[in-house]
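Asks: Can you look at this prediction? I've put the sequence above it.
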Amino acid sequence: MTPTKVRVEARDVTVHVGELRILDDVSVSIAAGEVLALVGPNGAGKSTLLGVLAGDRRPDRGEVLYDGRPARECSHLELARRRAVLTQENTVSFPFRALEVVEMGRSPWGRSGDPEADRTAVAAAVAATDVTHLLDRRYTALSGGEKARVSLARVLAQQTDIVYLDEPTAALDLRHQEDVMRTARVLASEGKAVVVVLHDLSLAGAYADRIALLARGRMVTIGAPEEVLTADIVGDAYGLEVQVIPQPGTGRPLVLPVRHPGGLSRD
Amino acid sequence: MTGAAHPRKRSLTLAAVLGAALVGGVVLSAMVGQLPVTPQEVVGGILRGLGIETTWASDDPVIDATLWAVRFPRLVMGLVVGAALAVAGAVMQAIFGNPLAEPGVVGVSSGAALGAAAAIVFGLTALGGWAVALLAFLGGLLAVLLVYFVSRASGRTEVVTLLLTGIAINAFAGAGLALLMFLGDTSSREQIVFWQLGSMNGARWPEVGIVAVVALAGCAVALFLARRYDLLALGERAARHLGVDVELLRVVSIVLVALLTGVAVAFCGIIAFVGLVVPHIIRMAIGPAHRPLILASAIGGGVLLVFADVLARTLIAGADLPIGMLTSLVGGPFFFYLLYRARKQSGGWA
């Protein structure tokens, strides 16, 4: 599928917090059927950009368009039917069962009154995130990684055309990290636009169609993984010497820090 | 996880228990007192009131008068005040995202009492019972607003901040009440003392009507918002992502808590801990989903107060104990236990 239809677009977005400029004139557009990875060092503005894209935060300048329409004109419910968001932190105040949490993802569609659609959406979300065995447990009693997966299931159950994932792999083990990214690919193949904030550049390189590299609130570069993940660009942005090696088999870029075990350099 | 097993079965069990307790409480409460009435006479009296004549109804006009002029108003008052307080507690816990939030604990009740006391001392009785209720509502509203905006940070409420804010508000309202007692004459002084203790003694039908209208309307609104409260448990941001207008929900809920607490306090004084104990027990029984929680809390709160009132009337022969004192005697230690458990579970006060 060739990504053509632009689902969401940020135009010249600037965000200030006090004197500090968190985002500086950032533009990005995400098309149906693609996975865009947002990467960059801590404090680069990735989560802020995701918040602006999601309509949580109104930019001081610039605007966000959903299918060409300004996000600020959309009602809460309308936005909820267009985009789903997995936030970094997921806490639930009361001991709901995991199944109830996943079902909450269906609430924006509640008034359409189609229990069959709700059931299929929940079942599909549960299967994709490998949480079937957790459904009867209390969410508050789950481990960090289990919570993250149940929350992802809730996001998937929302069945929106745009999906934002803020560090969805942070709390997960190796296998579930790959599962989440594969799920992101499946979503894209279904024609959805997926934006993922990632710290693991190799993960971004393996699964994203495009990578947007942010540093100090500015868009450094955006493009295909091979274009963005070069030793020079990454090294500059992170202030760290890295090696980029093509993964045997796929040729996707693997980004590795140049390491000097033993602390002090030996040469 | 045993807590998650058979949620439907647990709900049915709870409904049966609450229903039985409701019927039992109503009959028991109407039976006991200086003039003993038999259960048949109670049921017959109720049926007669509904226009159904049975042989059970007593022919003794004294019994009929006792039931309809004294016991039934007090009984219904207990039901609606209990429902109002328990639902106010459940709503407050939902918007604070914290099971320890309760109108009495965080000072909403004392704020309302201060407002009601002001109405009495300054003789604002032009609107009858409604003036007292209105000022109680305003006092309660101010208190909720204060607690809400002081104790919340980034969408969550820390237990410590919540309780400290409650201490501050309770202290201020206490001082305000003392000042009003100082200013007021003897009769208003007596009335203010009555607020601090809480009682349903001398409930009359017109007052019962006011509380019932507000309580029923409040419960209906809370039930209507129940799904949104569920989503709010995910945090404000996530709730917004799911289409909830969090700001609007917050404003409506704050007004709702102030209304329910204010009207209860205006006519029955401070009856603390009902909003803490009842939703907590219901949550343990059937889980935290808010629609069943609010419905069951309304019934459970009513039942609790009816039984508490029976105790208040019978524990000491010939004396009518203040019901607020009774609920605090039970609720205080319960609150302590909750605090202790919250501390153990989260390893701190978060």
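Replies: Here it is on my side, so go on.

Asks: C-alpha only now, for contacts and for neighbours.
Replies: Noted.

Asks: can you pull the pLDDT of the closest residue in space to A:Gly191 that isn't next to it in sequence?
Replies: Among residues not flanking A:Gly191 along the chain, A:Gly33 sits closest, at 4.1 Å (CA to CA, 6 or more residues apart in numbering or on different chains). You'll see A:Gly33 listed with a pLDDT of 95.

Asks: nearest spatial neighbour of residue 166, skipping sequence neighbours?
Replies: This is for chain A. Spatial nearest neighbour of A:Asp166, excluding adjacent residues (CA to CA, 6+ apart): A:Val197 at 4.8 Å.

Asks: actually it's chain B I care about, not the one you picked
Replies: Excluding its sequence neighbours, the residue lying closest to B:Gly166 (CA to CA, 6+ apart) is B:Val106, at 3.7 Å.

Asks: tell me which element the one you found falls in.
Replies: Under DSSP states H and E, no helix or strand contains B:Val106.

Asks: Please give the number of neighbouring residues around it.
Replies: 24 (other CA atoms under 10 Å in any protein chain shown).

Asks: Spit out the contact partners of it.
Replies: For B:Val106, the contact set (CA atoms under 8 Å, 6 or more residues apart in numbering or on different chains) comprises B:147, B:162-163, B:165-167, B:169-170.

Asks: go on, A:Ala206?
Replies: A:252-254.

Asks: Show me the shaky parts of the chain.
Replies: This is for chain A. Chain A contains residues with pLDDT under 70 at A:1-3, A:111-112, A:262-267.

Asks: that answer is for a different chain, and I need it for chain B
Replies: In chain B, residues with pLDDT under 70: B:1-6, B:125-129, B:154-157, B:344-350.

Asks: which SS state does the spatially most distant residue from the centre of it fall under?
Replies: Within chain B, B:Thr55 marks the point farthest from the mean C-alpha position, 36.7 Å out by CA atoms, centre = their mean. Of the three states, B:Thr55 takes coil according to DSSP: H, G, I helix; E, B strand; the rest coil.

Asks: Surely it touches B:Gly44?
Replies: Yes: taking contacts as CA atoms under 8 Å, B:Thr55 lies within contact range of B:Gly44: 7.3 Å.

Asks: circling back to that earlier point, quick check: phi and psi on the residue farthest from the centre of chain B?
Replies: The phi/psi pair for B:Thr55 (degrees, to the nearest 10) reads phi -80, psi -10.

Asks: how about it, what does it touch?
Replies: Contacts of B:Thr55 (CA under 8 Å, 6+ apart): B:Gly44.

Asks: Return the distance of it relative to chain A.
Replies: Look at B:Thr55 and chain A: by CA to the nearest CA, to the nearest Å, they are 50 Å apart.

Asks: With adjacent residues omitted, what lies nearest to the residue of the stretch 151-267 of chain A found nearest chain B?
Replies: For the stretch 151-267 of chain A and chain B, the shortest gap (CA to the nearest CA) falls at A:Gln158, measuring 8.2 Å. Leaving aside its sequence neighbours, A:Gln158 sits nearest to A:Gly105 (CA to CA, 6+ apart; 4.6 Å).

Asks: near chain A, which residues of chain B?
Replies: B:1, B:4-5, B:97-99, B:230-231, B:233-235, B:237-238, B:240-245, B:287-289 (CA under 8 Å from any CA of the partner chain).

Asks: Show me the residues you listed that map onto helices.
Replies: Those of the residues of chain B next to chain A mapping onto helices are B:230-231, B:237-238, B:240-241, per DSSP state H.

Asks: What's the local residue count around the residue nearest to A:Asp166?
Replies: 24.

Asks: beta partners of it?
Replies: Using DSSP bridges, the bridge partners assigned to A:Val197 are A:Leu38, A:Asp166.

Asks: Enumerate every residue touching it.
Replies: A:37-39, A:46-47, A:50, A:165-168.

Asks: Most proximal residue of the stretch 201-350 of chain B with respect to chain A?
Replies: Nearest residue of the stretch 201-350 of chain B to chain A: B:Gly243, at 4.1 Å (CA to the nearest CA).

Asks: hang on, isn't that residue packed against A:Glu78?
Replies: Yes: shown here, B:Gly243 and A:Glu78 form a contact pair, counting by CA under 8 Å, at 7.3 Å.

Asks: what about those two, which has more around it?
Replies: Legend: neighbour count by other CA under 10 Å for B:Gly243 and A:Glu78, higher for B:Gly243 (20 against 14).

Asks: Please report phi then psi for that one.
Replies: Dihedral angles (degrees, to the nearest 10) for B:Gly243: phi 100, psi 10.

Asks: top of the contacts of A:Val197 by neighbour count?
Replies: Neighbour max across the contacts of A:Val197 (other CA under 10 Å) = A:Lys46, 30 neighbours.

Asks: Show the contacting residues for it.
Replies: Counted by CA under 8 Å, 6+ apart, A:Lys46 has contacts A:38-40, A:197, A:214.

Asks: mind redoing it with 10 Å?
Replies: By CA atoms under 10 Å, 6 or more residues apart in numbering or on different chains, the residues touching A:Lys46 are A:22-23, A:37-40, A:52, A:166-167, A:196-198, A:212-219.

Asks: so what's the backbone phi/psi at it?
Replies: When read as degrees, to the nearest 10, the backbone of A:Lys46 gives phi -60, psi -50.

Asks: Now do it against B:Gly302, distance only.
Replies: The spacing between A:Lys46 and B:Gly302, counted by CA to CA, to the nearest Å, is 51 Å.

Asks: now do A:Asp118
Replies: Counting by CA to CA, the gap from A:Asp118 to B:Gly302 is 36 Å.

Asks: what about the two, which has more around it?
Replies: Neighbours per residue (other CA under 10 Å) separate A:Asp118 from B:Gly302, with B:Gly302 holding more: 28 against 20.

Asks: which residues of the stretch 51-200 of chain A fall in strands?
Replies: Ranges of strands in the stretch 51-200 of chain A, per DSSP state E, counting those that start in this stretch, are A:61-66, A:69-70, A:83-86, A:162-166, A:193-197.

Asks: can you list those in JSON lines and add distance to B:Gly174?
Replies: Converted to JSON lines, these look like this (distance: least, CA to CA, whole Å):
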{"stretch": "strand A:61-66", "distance to B:Gly174": "49"}
{"stretch": "strand A:69-70", "distance to B:Gly174": "51"}
{"stretch": "strand A:83-86", "distance to B:Gly174": "46"}
{"stretch": "strand A:162-166", "distance to B:Gly174": "48"}
{"stretch": "strand A:193-197", "distance to B:Gly174": "52"}
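
Asks: And the ones you listed: which comes nearest B:Val62?
Replies: Smallest distance to B:Val62 across those (CA to CA): 66.4 Å, for strand A:83-86.

Asks: The closest one - which strands sit beside it in the sheet, and in what orientation?
Replies: strand A:162-166 (parallel).

Asks: The partner strand vs strand A:61-66, what angle?
Replies: Calculated by axes from the mean of the first three to the mean of the last three CA atoms, to 10 degrees, strand A:162-166 forms an angle of 120 degrees with strand A:61-66.

Asks: Quick one: distance of strand A:162-166 to the chain centre.
Replies: The chain centroid and the centroid of strand A:162-166 are separated by 4 Å under CA atoms, centre = their mean, to the nearest Å.

Asks: ok and it relative to strand A:193-197, angle-wise?
Replies: Using the same axes, to 10 degrees: strand A:162-166 against strand A:193-197 is 10 degrees.

Asks: Could you export strand A:162-166 as PDB, CA atoms only?
Replies: What follows is strand A:162-166 as a C-alpha-only set of coordinates in PDB (Å, rounded to 0.1, in the frame of the first residue of the first chain):
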ATOM      1  CA  ILE A 162      -4.800   7.500  13.800                       C
ATOM      2  CA  VAL A 163      -2.900   5.800  16.700                       C
ATOM      3  CA  TYR A 164      -0.300   7.600  18.900                       C
ATOM      4  CA  LEU A 165       2.000   5.500  21.000                       C
ATOM      5  CA  ASP A 166       4.300   7.300  23.500                       C
END
